[in-house]
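Enquirer: I'd like to go over a predicted model; first the sequence, then the structure.
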Amino acid sequence: MNRFDRVTSILVYLQAKSVVTAQELATRFDVSERTIYRDIRSLENAGIPIGAETGVGYFLDKSYRLPPVVFTREEAASLLLGAKMIESRVDTAVRAEYMTALDKICAVMESEDQDYLTMMDDSIAVYKPETTETTSVQDRWLTECRTSLSRSQVITVLYESGFTQEATRRELEPIGLYHYSNHWHLIAWCRLRADYRDFRLDRIEMLTLQPEQFVRRDHSSLQEYLQRESNKELQEIVVTFSFEAARFAGEQRYNFGFIGERETQAGIEMTFVTPYLDYISVRDQISLALDNLEAVLAAADMTFANLTKLSIYATDVDDALKNFDVLEARLGPAGASPPMTLLGVTRLAIPGLQVEIEATAAD
């Protein structure tokens with residue numbers, strides 16, 4: 001992009017946003033901040049009323065407005081391509097709003113450019129797989145979530161866990177919407193868990209906008225949250241699938257951190273890496289902890305019957321108690337009934353770990 005085009009684009013960008021930092025402009029136009037300072041100075045010298053506040057950024061005087069900008073046919077074609085891409089990823093209301101905006105753009109274009117867009121519209125298609133759920137069911141709360149985000153409005157949801165299949169009532173302070181693994185997710189501060197949580201929209205059974213508003217600046221931004229999540233330590237998980245089940249894992253496994261597989265007598269052993277151990281249910285974590293404990297005891301020629309004490313640490317005591325039948329099912333057949341202590345903790349050493357078992361055994 002030449003300097004004239006960049007300076008003009010900076011002016012359009014300033015009008016599109018209330019406040020813009022030099023770093024944001026530098027990233028947007030792939031230049032240094034020093035170059036942005038020179039471009040801003042050029043605009044100021046041309047009489048554009050640009051304000052600046054230290055530590056905040058640049059902004060246009062509210063009284064200054066550019067005349068309507070006409071899109072080039074390439075820009076309009078890019079928007080058309082975007083419409084094709086998002087068609088299967090948003091609900092009916094959002095899709096209609098997007099197409100209405102595109103129609104308004106086309107309405108002020110030259111007739112030959114309109115013909116070009118019509119030809120492009122007929123020549124581009126994006127495959128929409130048939131699924132058991134329609135997009136409106138999968139992501140039906142997009143409009144309400146957008147409203148909450150724009151107004152910093154508290155919402156109440158009835159959310160069904162993907163693991164326990166139990167629905168819990170949550171009060172949330174949303175910070176953003178994030179699309180991955182073919183679903184929209186609401187990222188929000190959960191008052192019940194006193195932490196940020198990820199809520200898949202199609203698992204929300206009920207959503208109500210509350211009149212209460214929260215203070216947005218008290219929370220991380222969506223970008224800060226995503227950066228923090230990407231810096232989490234990866235944990236390795238090994239899952240054994242039957243030969244029949246492994247055939248259906250297909251390309252979907254790559255959405256969950258798949259890195260390799262090997263064939264065993266029991267089936268196909270697949271290895272995944274993930275920072276999200278909390279995606280493994282408390283029940284599964286108790287079972288895995290008992291597997292590890294059993295292996296350690298076996299290496300010392302002992303069994304569960306040799307246990308003399310168990311200390312169980314849980315970030316959610318109620319959830320742990322609901323799954324104590326796993327302990328009974330594993331320890332009972334071995335004739336083990338050691339004294340047990342259940343302790344609630346704020347967090348455990350490994351991020352995402354919800355249960356930890358400490359055992360004492362004697363020969």
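Expert: Good, I have the coordinates. For clarity, every value in this text was computed on a predicted model and none was experimentally measured.
Enquirer: three-state assignment of R169?
Expert: Assigned with DSSP: H, G, I helix; E, B strand; the rest coil, R169 falls in the strand class.
Enquirer: So for the helix or strand encompassing A96, what gets flagged as buried?
Expert: Here A96 sits within helix 92-107, counting by DSSP states H and E. Across helix 92-107, burial judged by 16 or more other CB atoms under 10 Å covers 95, 98, 102, 106. To be clear about C-beta, it is placed using only N, CA and C from the backbone, and glycine gets the same treatment.
Enquirer: what about that helix, average pLDDT?
Expert: Across helix 92-107, pLDDT averages out at 77.
Enquirer: what's whichever helix or strand comes after that helix packed up against?
Expert: Counting by DSSP H and E, the next helix or strand C-terminal to helix 92-107 is helix 111-123. With contacts taken as 3 or more CB pairs under 8 Å, 6 or more residues apart in numbering; DSSP states H and E, helix 111-123 sits against helix 73-86.
Enquirer: Which neighbouring elements make contact with the helix it packs on?
Expert: helix 92-107, helix 111-123.
Enquirer: how much does that helix deviate in direction from helix 111-123?
Expert: 30 degrees (axes from the mean of the first three to the mean of the last three CA atoms, to 10 degrees).
Enquirer: gap between T21 and V12?
Expert: To V12, T21 is 17 Å away according to CB to CB, to the nearest Å.
Enquirer: Looking at the two, which is more packed in?
Expert: Shown here are T21 and V12; by other CB atoms under 10 Å, T21 has more neighbours (14 against 10).
Enquirer: can you put the buried residues of helix 92-107 in a markdown table and add distance to S221?
Expert: Shown next, in a markdown table, are those (distance: CB to CB, whole Å):
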| residue | distance to S221 |
| --- | --- |
| R95 | 27 |
| Y98 | 24 |
| L102 | 29 |
| C106 | 34 |
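Enquirer: what's the most distant pair in the residues you listed?
Expert: R95 and C106 (16.5 Å; CB to CB).
Enquirer: which one is F214 nearest to, not counting chain neighbours?
Expert: Spatial nearest neighbour of F214, chain neighbours left out: E173 (4.4 Å); criterion: CB to CB, 6 or more residues apart in numbering.
Enquirer: what's near enough to touch the one you found?
Expert: Applying CB atoms under 8 Å, 6 or more residues apart in numbering, we find E173 in contact with 152, 154, 188-189, 191, 214, 219.
Enquirer: Now rank the residues you listed by neighbours and give me the top one.
Expert: Ranking the contacts of E173 using other CB under 10 Å puts A188 first, with 26 neighbours.
Enquirer: what about the helices in this structure?
Expert: Using DSSP state H, the helices of the chain run over 3-16, 22-29, 33-45, 73-86, 92-107, 111-123, 135-138, 142-151, 222-230, 243-246, 282-299, 317-322, 325-331.
Enquirer: which regions of the stretch 1-150 of the chain lie under the pLDDT threshold?
Expert: Residue ranges of the stretch 1-150 of the chain with pLDDT under 70: 66-69, 88-89, 91, 128-139.
Enquirer: at 50 what do you get?
Expert: 131-132, 134-135 (pLDDT under 50).
Enquirer: For the residue nearest to F214, give the beta-bridge partners.
Expert: Using DSSP bridges, the bridge partners assigned to E173 are W189.
Enquirer: Make sure V273 is actually in contact with F256.
Expert: No. Using CB atoms under 8 Å, V273 makes no contact with F256, being 9.4 Å away.
Enquirer: that older thread, just the contacts of E173 now: which is nearest G250?
Expert: Closest to G250 out of the contacts of E173 is A188 (31.3 Å), distances taken as CB to CB.
Enquirer: Can you tell me how far that closest one is from A76?
Expert: Taking CB to CB, one finds A188 at 35 Å from A76.
Enquirer: what's across from the residue positioned nearest the centre of the chain in the sheet?
Expert: The geometric centre of the chain, computed from its C-alpha atoms, lies nearest to Y178 (CA atoms, centre = their mean), at 4.5 Å. The bridge-partner assignment for Y178, based on DSSP bridges, gives H185.
Enquirer: In contact with it, which residues?
Expert: By CB under 8 Å, 6+ apart, the contact list for Y178 reads 184-185, 187, 198, 222, 226.
Enquirer: hmm, back to that, which single one of the buried residues of helix 92-107 is nearest to T308?
Expert: Out of the buried residues of helix 92-107, the member with the shortest distance to T308 (by CB to CB) is R95, at 62.9 Å.
Enquirer: For that closest one, give its distance to D121.
Expert: Going from R95 to D121 by CB to CB gives 15 Å.
Enquirer: do L348 as well
Expert: 54 Å.
Enquirer: Could you do F256 as well?
Expert: In terms of CB to CB, F256 sits 36 Å off from D121.
Enquirer: hmm, back to that, present the helices of the chain as JSON lines; the columns should include distance to E236.
Expert: Shown next, in JSON lines, are the helices of the chain (distance: least, CB to CB, whole Å):
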{"stretch": "helix 3-16", "distance to E236": "43"}
{"stretch": "helix 22-29", "distance to E236": "34"}
{"stretch": "helix 33-45", "distance to E236": "40"}
{"stretch": "helix 73-86", "distance to E236": "34"}
{"stretch": "helix 92-107", "distance to E236": "38"}
{"stretch": "helix 111-123", "distance to E236": "45"}
{"stretch": "helix 135-138", "distance to E236": "30"}
{"stretch": "helix 142-151", "distance to E236": "33"}
{"stretch": "helix 222-230", "distance to E236": "17"}
{"stretch": "helix 243-246", "distance to E236": "19"}
{"stretch": "helix 282-299", "distance to E236": "12"}
{"stretch": "helix 317-322", "distance to E236": "24"}
{"stretch": "helix 325-331", "distance to E236": "23"}
